[in-house]
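Asker: Whatever this is, show me its structure:
(chains A, B and C)
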Amino acid sequence: MDLESLLPGRRITEINRLGKYLIITLNDNNYLVFHLKIYGRLITNNSFSPPADHTHRFSLSLDDGTTLRFFDKSNIADIRLLSEDEVQEISSKLGPEPFSLGADDFHPIVTSAKLPRIKDTILDQSLIAGVGNIYADEALFKAKISPLRKPAELNTQESADLLRSIQEVLQSGIDHGGTSIESYYDTQGAPGQNQKYLVCYGQGGKPCPVCKNPIVQTEIAGRRTHYCATCQPESQLSLFG
DNA sequence: CAATCAACCTGGGTGC
DNA sequence: TGCACCCAGGTTGATT
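Answerer: Next up is the predicted model:
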């Protein structure tokens, strides 16, 4: 990749997030687009030394003396220099941002989804942008909805609860500086704290904080999945309401 | 057509 | 200790 040689002389005019994409707008109407995937890390703290397994992929020297460095442990993260049209194409494939949605908007999105389970549905970036695997499990737990439920069968109350839960778990992640289960770092090289606040994800076998039955760990659509089979019943009917 | 799977990469952990 | 295998917060295109 020779992005570094293409960039000198250009100016950063704006920085935005689009779903899970980070979009840096340049003054020539091009865009530096990052997708961190699982292990991508962007660091602006010049004195930060990442662990040895974080391979350096990219550096950009800014005129205030900052160096923007990009590391990726697995080399599957993306950095691309794109035109406005190409960014527009990415944007057009993304669903709405969860924080911009109301319950009335979210219910039809959920119930018209063609995916087999609600977990697949909220992970689908074309339906709702920005929800990843950890936050999907946390939100479904919080809303007391089984990840295995068929999306079309959620009633208005359930979809409203789910949207609110998605917003809450994402806000928690933001407030606590990210979830550092593996090795997430913010731009200063500091780990996030949100892993301390997870109540479901990664808790397989441990007692549910609500009912004390063990949290189930399984796999749904190839993604590690955790839920409480008691608090999040698969059947919509519950004798105990 | 819908749903799953392999591939993209690499390093770390685990179990034999 | 060595080695084969599995796993990872994601997305995409191929395959069943």
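Asker: Look up phi and psi at the residue in chain A that DNA strand B sits nearest to.
Answerer: Taking C-beta to the nearest atom of the strand as the measure, the point where chain A comes nearest DNA strand B is A:Ser74, at 2.9 Å. In this view, the C-beta of every residue, glycine as well, is placed from N, C-alpha and C. With angles defined as degrees, to the nearest 10, A:Ser74 sits at phi -110, psi -10.
Asker: same thing with A:Lys119?
Answerer: Here the main-chain torsion angles of A:Lys119 (degrees, to the nearest 10) amount to phi -70, psi -40.
Asker: coming back round to it: what is the neighbour count of the residue of chain A closest to DNA strand B?
Answerer: For A:Ser74, the number of neighbouring residues by other C-beta atoms under 10 Å comes to 12.
Asker: Am I right that it is in contact with A:Tyr39?
Answerer: Yes - counting by C-beta atoms under 8 Å, A:Ser74 touches A:Tyr39, with 4.7 Å between them.
Asker: ok, and the closest non-adjacent residue to A:Ile181?
Answerer: When the adjacent residues along the chain are set aside, A:Ile181 lies closest to A:Gln195, with 5.1 Å between them (C-beta to C-beta, 6 or more residues apart in numbering).
Asker: my read: A:Ile76 touches A:Ile38, true?
Answerer: Yes - using C-beta under 8 Å, A:Ile76 is in contact with A:Ile38, at 7.1 Å.
Asker: any chance you could map the strands in chain A?
Answerer: Assigned by DSSP state E, chain A shows strands spanning A:12-18, A:21-26, A:30-35, A:40-43, A:55-61, A:67-72, A:78-83, A:216-220, A:223-227.
Asker: Local confidence estimate at A:Thr111?
Answerer: We have a pLDDT of 95 for A:Thr111.
Asker: now swap in A:Lys114 and tell me
Answerer: pLDDT at A:Lys114 comes out at 91.
Asker: Tell me if stretch A:133-149 is near DNA strand B.
Answerer: No - figure legend: stretch A:133-149 not in contact with DNA strand B (C-beta under 7 Å from any atom of the strand); closest approach 10.2 Å.
Asker: to the chain's geometric centre, what's the distance from that stretch?
Answerer: Averaging C-alpha coordinates over stretch A:133-149 and over its chain gives two centres that are 14 Å apart (C-alpha atoms, centre = their mean, to the nearest Å).
Asker: Mind listing residues that contact that stretch?
Answerer: Where contact means C-beta atoms under 8 Å, 6 or more residues apart in numbering, the residues beyond stretch A:133-149 that reach it are A:117-119, A:122-123, A:131, A:154, A:158, A:161-162, A:164-166, A:168-170, A:173, A:179, A:181, A:198-202, A:220, A:223-229, A:231-234, A:236.
Asker: distance between the ends of stretch A:106-125?
Answerer: For stretch A:106-125, the first and last residues are 14 Å from each other (C-alpha to C-alpha, to the nearest Å).
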